[in-house]
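Trainee: No letters, just coordinates:
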């Protein structure tokens, strides 16, 4: 037996050990990039992919199906949807509810496109002074809905629901991948399960853009963690065409890229100058590309309306949504604990769920930071919370607005690693049953989603 030094991941000996002696027999017959790929290699990769991804998809799909079934049963048993307008939470069947409220607007955009305008309500003097306009709803989700409808023959409702369901599974895979990098496969599975039962998760299988946005956001964060900067920039750009809270994701990707550039500047220069330039250009490209979707849409709407701030004026004038630095949130937190519901947009039961969601999120921020995750996750989470809690909006919707703050799942997922597989599934399954009420019925029927 020889006393040969162990080699590290780059094939070189650690400090203090003699370098290993290589012979011609050690050299590969072909460079790795040109090695032939056999049918066995492809089959092996497929089997590894199946083993890796199928448990995540099965867990998420099972939990989500449980909650979704409970939600539909609650809708059917209460029957309130039958007495509501088809545009505002009603319909002929329980599942029609999934395409009401914002879902109606997304279908209008998919069918008729945009006609941005600031149209005053005649004689209005209160909070609502402008007529609602579809320009308040970002374009990527209805565009994909329209494309799927034309390719499959499904109606806009079916196409929108299909896009959301598929995107929710993609988001589950991304949440698993991000969490597994920090805490291992068990934690990743737990995090994917939490995505299925989290407050607000009732929106994941509906004609809403939440699932698509979270799928783009989580894979953008994963791309940053993997140093795939161009992918991160493109995914963030797409997210900016999906929801306005993408401002938090744009900032997170930008901060991560700037930190990378600063670290590279402090490191000794690389010998290969092309590689040195590549290491600078890719993060810089992500910084440039990331905000294009969000800024491009806001500027286009402003141009069409003849007012640079047209989007924000529409949100305030037609929906009374505005950024007030947390004054409205503070009013809710002063009122709900003492049973007072005299504030704007009050929905007592739904607001209690949202207050609990906010408190849970605030409690999970410190343990998340103590884990010292990549900066992109911390910045994205904190800014998402700041944007949601800093604005005046329908407070009952806070639980769905906070769905993009998926890094909050990570501390809980790490804590659940100690449970056995059966215990972990039992906990999540019980939460899934309850989610049919707190994450679905409360949002759609007891509030205004």
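Mentor: That came through fine. These numbers come from a predicted model, not from an experiment.
Trainee: Residue 51: neighbouring residues, count only.
Mentor: 9 (other C-beta atoms under 10 Å). C-beta coordinates here come from the backbone N, C-alpha and C atoms, glycine included.
Trainee: again, but for residue 331
Mentor: There are 17 residues near residue 331, going by other C-beta under 10 Å.
Trainee: For it, what is the enclosing helix or strand?
Mentor: Residue 331 is part of helix 327-335, with elements assigned from DSSP states H and E.
Trainee: ok, and what's touching that helix?
Mentor: 341-344, 346, 351, 355, 358, 389-393, 395 (C-beta atoms under 8 Å, 6 or more residues apart in numbering).
Trainee: ditto for stretch 92-103
Mentor: 72, 75-76, 81-82, 86-91, 107, 137, 157, 160-161, 205-209, 444-445, 448-449.
Trainee: list the contacts for residue 234?
Mentor: Contacts of residue 234 by C-beta under 8 Å, 6+ apart are residue 289.
Trainee: can you check residue 76 too?
Mentor: Applying C-beta under 8 Å, 6+ apart, the residues contacting residue 76 are residue 94.
Trainee: Wait, a helix at it?
Mentor: Yes. Under DSSP: H, G, I helix; E, B strand; the rest coil, residue 76 sits within a helix.
Trainee: separation between it and residue 426?
Mentor: 27 Å (C-beta to C-beta, to the nearest Å).
Trainee: Kindly report the same for residue 157.
Mentor: 35 Å.
Trainee: Looking at those two, which one has more neighbours?
Mentor: More neighbours surround residue 157 than the other of residue 157 and residue 426, with 20 against 12 (other C-beta under 10 Å).
Trainee: Check which helices and strands the helix or strand hosting the more buried one sits against.
Mentor: Taking DSSP H and E as the definition, residue 157 sits inside helix 156-183. For helix 156-183, the elements it packs on are helix 39-78, helix 102-112, helix 140-152, helix 185-197, helix 210-225, helix 409-415, judged by 3 or more C-beta pairs under 8 Å, 6 or more residues apart in numbering; DSSP states H and E.
Trainee: hmm, 6 Å instead?
Mentor: helix 39-78, helix 140-152, helix 185-197, helix 210-225, helix 409-415 (3 or more C-beta pairs under 6 Å, 6 or more residues apart in numbering; DSSP states H and E).
Trainee: in it, what's buried?
Mentor: Under the neighbour-count criterion of 16 or more other C-beta atoms under 10 Å, helix 156-183 has 156-165, 167-180, 182-183 buried.
Trainee: Need the phi and psi values for residue 130.
Mentor: With angles defined as degrees, to the nearest 10, residue 130 sits at phi -120, psi 150.
Trainee: Give me the angle between the helix or strand that the helix holding residue 331 is followed by and helix 327-335.
Mentor: Sequence order places helix 348-370 as the next helix or strand after helix 327-335, per DSSP H and E. Between the axes of helix 348-370 and helix 327-335, defined by axes from the mean of the first three to the mean of the last three C-alpha atoms, to 10 degrees, the angle is 110 degrees.
Trainee: All good on my end, thank you.
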